[in-house]
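Asks: structure, please.
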Amino acid sequence: MITIYHNPRCSKSRECAVFFESSNKDVTIVNYMKTPFTFESLSELIALLAIKPIELVRTAEKIWKETYKGKQMSDSEIIKAMVAEPKLIQRPIVVNKSKAVIARPLEKINEII
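Replies: Numbering: from 1, shown residues only. Next up, the predicted model:
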């Protein structure tokens, strides 16, 4: 089963959801703004992505710039910031079994399906 972690306010995220809805694949779409990540679930997702937590942060977001930019933060603190402020999370994120990608651009999905 494929899972898409999605923010419906994001055009790239909506594009990804439409792509899968028309693909006839078994897909679950999770709006992480309404069903937020826990520290543990986000940590597990970062491990699947095989990236550092800072690589999942949308550093151009106003919240990041005003609250976190320039601070020395541990990986754990960065994850806690994303859990507290889910707008900071890159999107969409697509998981297929034990593989995951940030689907920007959308063609990155091909790496895991």
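Asks: contacts for stretch 103-113?
Replies: By CB atoms under 8 Å, 6 or more residues apart in numbering, the surrounding residues in contact with stretch 103-113 are 2, 4, 12, 15-16, 19, 25, 90-96, 99-102. The C-beta positions use only the backbone N, C-alpha and C, and glycine is treated the same way.
Asks: now do the helix or strand bottoming out on mean pLDDT in the chain: which elements does it pack against?
Replies: Least confident helix or strand, the chain: helix 11-21 with a mean of 88, by mean pLDDT, DSSP states H and E. Using 3 or more CB pairs under 8 Å, 6 or more residues apart in numbering; DSSP states H and E as the contact criterion, the neighbours of helix 11-21 among helices and strands are strand 2-6, strand 27-31.
Asks: now that helix against strand 27-31, angle please.
Replies: Relative orientation of helix 11-21 with respect to strand 27-31: 160 degrees, computed using axes from the mean of the first three to the mean of the last three CA atoms, to 10 degrees.
Asks: ok, residues contacting helix 11-21?
Replies: The set of residues external to helix 11-21 that reach it, using CB under 8 Å, 6+ apart, is 2, 4, 6-8, 27, 29, 91-92, 94, 103-104, 106, 109.
Asks: again with stretch 57-73
Replies: Counting by CB under 8 Å, 6+ apart, stretch 57-73 makes contact with 78, 81, 82, 85, 87, 88, 89, 90, all of which sit outside it.
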